[in-house]
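# Sequence and computational prediction follow.
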Amino acid sequence: MITRRMLWLRVGVAVAAAAVVAIAVGVPSAVLSNPFFVRMTPVPWWSYAAWALTVGLSGVLAATYVDRRAIASATPGRAGILANVGSVLAVGCPVCNKLVVAALGVGGALGIWAPIQPVLAAASLALLGWALWRRLTALRSCPVAADGARQDRATTADFAPEGDS
């Protein structure tokens with residue numbers, strides 16, 4: 001059972017992580033207006049949706065790491081980082097990305113890269129959703145001991161009122 005303190009800690013981590021991701025993705029891509037980066041093309045409508053979903057899913061994924069009772073692989077965490085990088089590339093200005101312009105030129109950035117960006121946004125959101133699903137599945141599973149016996153994480157102490165333990 002999650003205590004009230006642990007619940008608020010998870011909410012705090014989710015909000016803090018979401019704020020960090022919002023700034024880390026929104027500022028360099030100029031989805032958030034700022035004096036540091038100027039976007040040379042207008043922000044398409046889907047960029048705001050992809051940015052908002054990335055922020056929300058990343059916050060929830062980060063909150064799942066607060067209580068590490070379930071031992072799970074690091075794959076969901078790495079997939080979450082990769083999805084956030086993909087989201088930055090997806091919502092960023094195609095002409096402002098120096099790597100894309102160096103590889104494809106300005107015409108290629110607008111003619112080839114810009115049409116691919118919504119697909120990249122969908123792929124990064126799908127990867128982030130998969131990472132969250134995998135993490136939540138691992139947290140809800142019951143671990144198996146070395147001898148093959150199932151170990152339930154829930155004990156009678158988990159169901160006792162807070163004042164009785």
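The structure has been received and is ready for your questions.
# And for residue 84, the neighbour number?
By other Cβ atoms under 10 Å, the residues close to residue 84 number 21. Where you see a C-beta, it was placed from the backbone N, CA and C, and this is true even at glycine.
# I meant to write residue 86 there.
Close neighbours of residue 86, defined as other Cβ under 10 Å, add up to 21.
# Could you pull up the residues touching it?
With contact set as Cβ atoms under 8 Å, 6 or more residues apart in numbering, residue 86 has these partners: 120-121, 123-124, 127.
# now with 10 Å?
Going by Cβ atoms under 10 Å, 6 or more residues apart in numbering, residue 86 touches 50, 54, 120-128.
# Spit out the contact partners of the residue nearest the centre of the chain.
Among the residues of the chain, the one closest to the centroid is residue 58, at 2.5 Å (Cα atoms, centre = their mean). Going by Cβ under 10 Å, 6+ apart, residue 58 touches 14, 17-18, 20-22, 24-25, 80-81, 83-84, 87, 128, 131-132.
# Kindly supply the ChimeraX command isolating those of those that are buried.
Buried subset of these, written as a ChimeraX selection, criterion 16 or more other Cβ atoms under 10 Å:
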select :14,17,18,21,22,24,25,80,83,84,87,128,131,132
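# What is the nearest of the contacts of residue 58 to residue 32?
Ranked by distance to residue 32 (Cβ to Cβ), those are led by residue 22 at 7.4 Å.
# list the contacts for the closest one?
Taking Cβ under 10 Å, 6+ apart, we find residue 22 in contact with 31-32, 51-52, 54-56, 58-59.
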